[in-house]
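Enquirer: This is the structure alone, sequence omitted:
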């Protein structure tokens, strides 16, 4: 839940003049700081929005037992070999059996330790009960103060400076055409309406309930108020030239977000809290981790305790960038270990199932989707290659192989001539496409250049056909807004059949594909389709307190869901604004957008501390 590790400029580094909206920033030190902040804020956005599952507050539990997966040469990656190499318990070494006697000894040792710990805890509890309430409170406060002081020491650790990539494309993006500029100004006004109401009614909360006019926090964060909308919206505010609003958000993060003192350190601290999620027998991370205890677990519904492909496969960009930022390869190694494991595994029909058990290293239910549960895994294979300045050929090869299997088994044309991407379930193709899947049109277009066997034209056309299908899903509703999912069975094409699939929650994926297709083709229909969607959002989702999702896009008087999603500000409005901007605003040669639409600069890994890695060769 997105962006990412940002870059600290070298001393004396100068950058071009920034001109945002009506504001122009000359070459002086204040400008340099603002530009640094633009990149640095991306770090936190990515981790907050991309790793939503990581914010559950879970109970403490004992350490997890490790199992042999039968995968040769795959080591548990979360222990530093230099620090723990002398202890064979630090690694899972496959192919070495453990006899029954050794198991019994180990189990007996664990039982004895548990008994001893239990007795010790009982004695400590008895001693505590002898003290007065005030004494106990004083001791608790003393311990809290110790923890705070230790955290401050860690947070003040200086991070190394790293070279800043060329900051090309931080410009106004003025489209020139007065009509297009007027449309872009309208998108900016919608952003200001969404932000101002969040600022007034939901400030500090994760999201806004625009009708109730109060903060909204989903259970995925526990009860934590982590200002997800503030973090998610910052780069959109900056790109739109809403400088005052940007500085409001920046100030809140510096003073209230409970990680550290600046964007860069906050990202490092948060990443450190996420690392225990990788403490599994396979190194495939848990979906959720307790930020206090480091204990992780998976969703109960996820195929017998499996981790989800779109979650553990959508970390690469942020973690690689964080290694670049800090000079610490630990983050890079985590995600490269995931890639190494996936390459060793057999894939049914060449497809990646959505579920992988982090204990056993085996696939769960054979369900493959380019929509929910799987989508951004494929996106990140492509974007890892792009972010590496096209040197990570391993990621590109995995992407090419994956989309060949997807095209062979999941992509079909309906009786009415609409190309769609279905879902594979246990050997059967379900002729259903989700709104989330509509991002794939943009992905195919983005990956067209560099595709195997000179198929660039083919994949650009495929992107256009998916964009057309997703536009039809909007155009065939009463509100001209797309449903959550739509089917291609019998006479029903590109329409939702079930009531629980007829809602629209301000999602960005269709507009995202319009933007990519516009950038690559400059066909005016994509701007026209985007404007139709913007008008529909403004007409049917806008309320006095912000913007709300609607429950039935086929009803002329739909009910509101009363949630202004943080991704509406991070993605939907950003993609609309970029759609009506010139191409020199964040050009693709220099920027790659993560799955939450936060832009990351292209890294020349050959010149970085990661140059010795397999991905950079």
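Expert: Everything's here; your move. Predicted, not measured: the structure shown is a model, and the values here were computed from it.

Enquirer: what are the ranges of the strands in the stretch 451-600 of the chain?
Expert: With DSSP state E, counting those that start in this stretch as the definition, the stretch 451-600 of the chain shows strands at residue ranges 485-489, 492-495, 542-543, 546-547, 591-593, 599-601.

Enquirer: deepest of those strands, which one?
Expert: Mean neighbour count (mean count of other Cβ atoms under 10 Å) peaks for strand 546-547 among the strands of the stretch 451-600 of the chain, with a mean of 27. All C-beta spots, glycine's among them, are computed from the backbone N, C-alpha and C.

Enquirer: Next one, pLDDT for residue 91 please.
Expert: For residue 91, the model assigns a pLDDT of 30.

Enquirer: Kindly apply the preceding question to residue 567 instead.
Expert: According to the predicted model, the pLDDT of residue 567 comes to 97.

Enquirer: How about the one 4 residues further on?
Expert: Each residue has a pLDDT score; the one for residue 571 is 98.

Enquirer: Find the residue ranges of the stretch 201-350 of the chain scoring beneath the pLDDT cut-off.
Expert: 219-224, 258-261 (pLDDT under 70).

Enquirer: what are the ranges of the helices in it?
Expert: Listed in chain order, the helices of the stretch 201-350 of the chain (DSSP state H, counting those that start in this stretch) span 228-239, 243-256, 263-274, 309-312, 316-326, 330-344.

Enquirer: Quick one: closest of those helices to residue 184.
Expert: helix 228-239 (11.2 Å; Cβ to Cβ).

Enquirer: Any idea how far the closest one is from the middle of the chain?
Expert: Put simply, helix 228-239 sits 14 Å off its chain's centre (Cα atoms, centre = their mean, to the nearest Å).

Enquirer: before we move on, what about stretch 171-179?
Expert: The offset between the C-alpha centroid of stretch 171-179 and the centroid of the whole chain comes to 30 Å, using Cα atoms, centre = their mean.

Enquirer: quick one: average pLDDT of that stretch?
Expert: Per-residue pLDDT values over stretch 171-179 give a mean of 94.

Enquirer: How about stretch 574-590?
Expert: Looking at stretch 574-590 alone, the average pLDDT works out to 96.

Enquirer: Residue numbering should commence at 440 henceforth.
Expert: Done: numbering now begins at 440, and the last item shifts to stretch 1013-1029.

Enquirer: can you pull the buried residues of it?
Expert: If you call a residue buried by 16 or more other Cβ atoms under 10 Å, then stretch 1013-1029 has these buried ones: 1013-1021, 1024-1025, 1027, 1029.

Enquirer: Is it correct that residue 1019 is in contact with residue 627?
Expert: No. Contact status for residue 1019 versus residue 627: not in contact, 9.5 Å apart, counting by Cβ atoms under 8 Å.

Enquirer: so where do the helices sit in the stretch 940-1056 of the chain?
Expert: 948-960, 963-979, 1005-1006, 1012-1018.

Enquirer: Which of those sits closest to residue 666?
Expert: Nearest of the helices of the stretch 940-1056 of the chain to residue 666, taken as Cβ to Cβ: helix 1005-1006 at 9.3 Å.

Enquirer: looking at the helices of the stretch 640-789 of the chain, which is buried most?
Expert: helix 667-678 (a mean of 28).

Enquirer: Give me the below-cutoff pLDDT ranges for the stretch 940-1056 of the chain.
Expert: Flagging of the stretch 940-1056 of the chain using pLDDT under 70 yields the residue ranges 1044-1056.

Enquirer: and the strands of the stretch 890-1039 of the chain as JSON lines, adding distance to residue 856?
Expert: What follows is these, written out as JSON lines (distance: least, Cβ to Cβ, whole Å):
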{"stretch": "strand 924-928", "distance to residue 856": "11"}
{"stretch": "strand 931-934", "distance to residue 856": "9"}
{"stretch": "strand 981-982", "distance to residue 856": "35"}
{"stretch": "strand 985-986", "distance to residue 856": "34"}
{"stretch": "strand 1030-1032", "distance to residue 856": "31"}
{"stretch": "strand 1038-1040", "distance to residue 856": "36"}
